[in-house]
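Undergrad: Generate a structure from the sequence data that follows.
(chains A, B and C)
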Amino acid sequence: MPETSYYLILAALIFTVGATGVLLRRNALIIFMCIEMMLNSVNLTLIALARQWGNLEGQIFVFMVMAVAAAEVAVGLAILIANVRHQKSINIDEINLLKW
Amino acid sequence: MDFAWLVFLFPALGALINLFAGARLGERGIHSVASGAVALSFLVSVGMFFGLSGLDEHHRAVTVHLWDWISVGSFHAPAAMLIDPLSVTMALAVTGVGALIHIYAGGYMHGEQNYQRFFVYLNFFILAMLVLVLSDNFVGMFVGWEGVGLASYLLIGFYFDRYDESYGHYADAGKKAFLVNRIGDFGMMVAVFLIWTGVGSVVFEEVFAGAGALSTGAATAVCLLLLLAATGKSAQLPLFVWLPDAMAGPTPVSALIHAATMVTAGIYMIARTYVLWGLAPLAGDVAAWVGALTALLAASIALTQVDLKKILAYSTISQLGFMMLGVGVGAYAFAIFHLVTHAFFKALLFLAAGNVMHGLPGGELDIRKMGNLRAKMPTTHKLFLIGAAALAGLPLLSGFFSKDGILLHASNHNILLYLIGLFTALLTAFYSFRAVFMTFWGEARDEHVHEHAHESPAVMTAPLWVLAVLALVGGALNLPFLLTMEHYLEAAVGKPAFHAAVPLELVLLAVSAVVALAGAGLAYGRYVQGAKDETGAPRGAGWAAGITGVFRPLEQGAANKWYVDEVYAALIVNPLLGLARWFDRVVDEGVVDGAVNLVGHVSLAMGGALRKVHNGLVPTYALSLFVGVAVLLLYLVFGL
Amino acid sequence: MALLFFVLVGAVSLAAALGVVMSRQPVHSALFLLTNFASLAVLYVTLDAQFLAAAQVIVYAGGIVILILFVIMLIGGETNDFSAAQRAWSRVVGIGLGVILLLTVSYSVLTRMLKAPDDATSLLQGGTPAAVGNALFTEYVLPFELVAILLLVALIGALVLGRQSEGTGEGVPSIEASD
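TA: Residues are numbered from 1 along each chain as shown, chains lettered A, B, ... in the order given. Below is the predicted model:
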């Protein structure tokens, strides 16, 4: 059985890769995928620690995270599509409606 | 006495009903509600009077505690009524005359645009006036004091959209009354503060019981401040200037507020606090002199006025001066007596003047354009004549007895005061009959005005007959030697220190009668007999013209109201305006606005600098978020 | 043996994560993402989370990735070059931040090594569907219902956002503009 810390390090690696992706990529869709990946890395730590402490609550929380992620994907993609209709682009650098 | 609070309830209800439902009631409904409320209030006052009469003569003072109004630390101001002969007399005068004037106003204001508003204000005034006279403490009296001031302001400015040569902007007249009264109210407040610090109570009975704790200096200061308040409310020197302008209000308002009731509040207040005045003889002297000089000054101005209502206004100031003279020399009962008779005949005169105004085209008030109106308005003529005779103090009418009582006490106090008073009485008789003769006698001087003149409807003459009867026989309230009213008021204002010897009193009565008749006769000679000049204005018979000609050099000054308004404008108003403008330009625009603008500019500049951070691009936000996370992590893990 | 398995699967998931970030084509990214999710599902099984492993495959792999693929097909993913020309500095900063994140987390984890628990003494019943379901519908029923509402709202929100403007047919560009 691998140490729990190994799982945590793997999760940290994946999280870092996802975060870096968010910062580096310009395609909104890929940024979106990176965020999903970060969520998953957190899920991994939760499950690993749930086993570590012999406690089911971590897993319940992961379940909730999945549901929220599903909702987020649905809304996020809808926003993306609406923006594409409007602006004909999914380049994150061209989406600046938040500007003051 | 448990029902006594009803006296407040009726006018309050009347005002509220007319305020919220008046639009649906129509003119008749509004008028019935308003007049009925005051009439019911009058009945309650009558009930209080009889309730009080049933008590032992020396214990005629009942306090009706309604609720505790303010109770902070050792400061207590109850909402309570003090029912004693003085307050009942005032309540009867206020509600009685008030009811008659309400009835009259229904006819006078007929067809006015703001009929509803008028009666709401009028009922509110009655409520405030009753609070003033029935409160058992200084704070409650002050509430009423301010309430009547507010009602007065609202009603003077009732035609706030009008403008004419005589009054300027009508709204300004209300403003002037309010501002001038503010000076007096300031004196009132400071006086109450001094009383509170000196005696430790604001309830009348406790203050009077503990008044001995005040030093003579403190009592004098309190009384002089109260006198300042009274000069404001009762239009005495130096604060009388608002009352002539207050004639801008509708005539029933002039009759009710600016002749019969509100302006007498100062006299009432001094009579109410007579215990304090007993401790401060100096303040009493000042009051007497203020009253005498005001009476003389106002009477001299009244001689020259050509606006019928302004004659009456200056006459009111003059008569209030008599009352002030009365309270100043300690003749409280006679001052209150004169207050009551004055309420009768001055209300009568104002309402009769209102009839004249109502019956002439364009509400004409200039007596130079009138003349011979008795042919067109016989009833009004009789009413006005009765009022003028009572005001002039013709023998056996109400004004004769009340004015004489004051003069009698003044003669004992200081012979100079008596002479001023006597001369003023002469002037009073002269200007009263000048008004009568110029208006109703002689020849019609303006055909247009005379042709269109008409008598007023019964609703506007019937209440006047009641007042006329009271003006004729009101003197019976307090006949010389019987002194019914004086004995009645003794429980509230104490016994006068002085009782005249019978021969002296008879002599003075005779002198007063002669003076009044002389004044009236002189007016007859000057304005009825003799030649007319080219405009039809009478030149007067030779003898009368000769006598009046002596005073011709003074006429210009009196006609210009002795330049009091101009002096005030130069000494007080304009410097204050200049100061206000300076503050506006330099302090407000420069310092205050500058500070506010500075805050705005700094915020804008900072925002302008910071908004570059907000470029609207999601990656930038994400980046700053991650920087924050990294910093936090570095701190948590390495404790950097 | 178990460690070797973990290393292999972990390497696959990490490589897939890198693939997501570095692919030029969004489609490739999406497929890498699928790989990443699947390998994580395997790891969940090794952590006694059988139900969540199944849910991972169904929700993420089966639902979310498919949805993303669908969107890619709908709008075409042919855009972008990789480098962000107008914010070249952000690349350096981004990678720098990533390194900091990784170093700090790894440092804190490695300095306090957590041993794997002894299977015999483990209190966990295992994340079987029965155990998770039992917990969800007893102790956590309120959050569960709230999540249901959240999903409903998200559904409606997505519907509203994704709709074409009023009065035009589905997917058909508006021809007549409102005058």
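Undergrad: list the buried ones in the longest helix along chain A?
TA: Counting by DSSP state H, the longest helix found in chain A is helix A:57-87. Using 16 or more other C-beta atoms under 10 Å in any protein chain shown as the burial criterion, the residues of helix A:57-87 that qualify are A:58-67, A:69-84. C-beta coordinates here come from the backbone N, C-alpha and C atoms, glycine included.
Undergrad: The residues you listed: which ones sit near chain B?
TA: Applying C-beta under 8 Å from any C-beta of the partner chain, the subset of these adjacent to chain B is empty.
Undergrad: Verify the contact between B:Phe42 and B:Val97 for me.
TA: No - taking contacts as C-beta atoms under 8 Å, B:Phe42 lies outside contact range of B:Val97: 9.4 Å.
Undergrad: Looking at these two, which has the bigger crowd around it?
TA: Remark: of B:Phe42 and B:Val97, B:Val97 carries more neighbours, 27 against 22, as counted by other C-beta atoms under 10 Å in any protein chain shown.
Undergrad: looking at chain C, which helix or strand does the model trust least?
TA: helix C:88-111 (a mean of 81; mean pLDDT, DSSP states H and E).
Undergrad: Say whether chain B is contacted by it.
TA: Yes - Helix C:88-111 lies within reach of chain B by C-beta under 8 Å from any C-beta, at C:90, C:93-94, C:97, C:100-101, C:104-105, C:107-108.
Undergrad: which secondary structure elements does the helix or strand just after that helix contact?
TA: Proceeding N to C from helix C:88-111, the next assigned helix or strand is helix C:129-138, under DSSP states H and E. With contacts taken as 3 or more C-beta pairs under 8 Å, 6 or more residues apart in numbering or on different chains; DSSP states H and E, helix C:129-138 sits against helix A:57-87, helix C:50-55.
Undergrad: So what angle separates the directions of helix C:129-138 and helix A:57-87?
TA: 80 degrees (axes from the mean of the first three to the mean of the last three C-alpha atoms, to 10 degrees).
Undergrad: Residues in contact with helix C:129-138: which ones?
TA: A:56-57, A:59-60, A:63, C:50-52, C:54, C:125, C:144 (C-beta atoms under 8 Å, 6 or more residues apart in numbering or on different chains).
Undergrad: swap the cut-off to 10 Å and go again
TA: Helix C:129-138 is contacted by residues A:56-57, A:59-60, A:62-64, C:48-52, C:54-55, C:124-128, C:140-141, C:143-144, C:147 when judged by C-beta atoms under 10 Å, 6 or more residues apart in numbering or on different chains.
Undergrad: Nearest to chain A: which residue in chain B?
TA: B:Gly616 (2.8 Å; C-beta to the nearest C-beta).
Undergrad: And that residue, what's its pLDDT?
TA: You'll see B:Gly616 listed with a pLDDT of 76.
Undergrad: May I see the ChimeraX selection of the buried members of the contacts of helix C:129-138?
TA: In ChimeraX, a selection of the buried entries from these looks like this (16+ other C-beta under 10 Å):
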select /A:56,59,60,62,63,64 /C:48,49,50,51,52,55,124,126,127,140,143,144,147
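Undergrad: Convert the C-alpha atoms of stretch B:268-284 to PDB, please.
TA: Extracted in PDB, the C-alpha atoms of stretch B:268-284 (Å, rounded to 0.1, in the frame of the first residue of the first chain):
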ATOM      1  CA  TYR B 268     -51.000  85.700  29.600                       C
ATOM      2  CA  MET B 269     -47.500  84.300  30.200                       C
ATOM      3  CA  ILE B 270     -46.500  87.300  32.300                       C
ATOM      4  CA  ALA B 271     -49.700  87.100  34.300                       C
ATOM      5  CA  ARG B 272     -49.100  83.400  34.800                       C
ATOM      6  CA  THR B 273     -45.600  84.000  36.100                       C
ATOM      7  CA  TYR B 274     -46.600  87.000  38.300                       C
ATOM      8  CA  VAL B 275     -44.900  85.400  41.300                       C
ATOM      9  CA  LEU B 276     -41.500  85.800  39.600                       C
ATOM     10  CA  TRP B 277     -42.300  89.400  38.600                       C
ATOM     11  CA  GLY B 278     -43.100  90.100  42.200                       C
ATOM     12  CA  LEU B 279     -39.400  89.300  42.900                       C
ATOM     13  CA  ALA B 280     -38.100  91.600  40.100                       C
ATOM     14  CA  PRO B 281     -39.500  95.100  40.300                       C
ATOM     15  CA  LEU B 282     -37.000  96.300  37.800                       C
ATOM     16  CA  ALA B 283     -38.300  94.000  35.100                       C
ATOM     17  CA  GLY B 284     -41.800  95.100  35.900                       C
END
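Undergrad: Would you mark the buried spots in whichever helix or strand B:Val340 is part of?
TA: With elements taken from DSSP H and E, the one containing B:Val340 is helix B:332-359. For helix B:332-359, burial by neighbour count (16+ other C-beta under 10 Å) applies to B:332-359.
Undergrad: Check stretch C:61-79 too.
TA: C:61, C:63-65, C:67-69, C:71-72, C:75, C:77, C:79.
Undergrad: hmm, it touching chain B?
TA: No - counting by C-beta under 10 Å from any C-beta of the partner chain, chain B has no neighbours in stretch C:61-79; the shortest distance is 15.1 Å.
Undergrad: to the chain's geometric centre, what's the distance from that stretch?
TA: Centre-to-centre, stretch C:61-79 and its host chain are 14 Å apart (C-alpha atoms, centre = their mean, to the nearest Å).
Undergrad: same thing with stretch B:482-489?
TA: For stretch B:482-489, the distance to the chain centre is 26 Å (C-alpha atoms, centre = their mean).
Undergrad: Contacts only, for the residue in the stretch 401-550 of chain B positioned nearest to chain C.
TA: Going by C-beta to the nearest C-beta, chain C is nearest to B:His452 of the stretch 401-550 of chain B, at 66.1 Å. Taking C-beta under 10 Å, 6+ apart as the criterion, B:His452 is in contact with B:359-362, B:364, B:376.
Undergrad: I appreciate the help and will end here.
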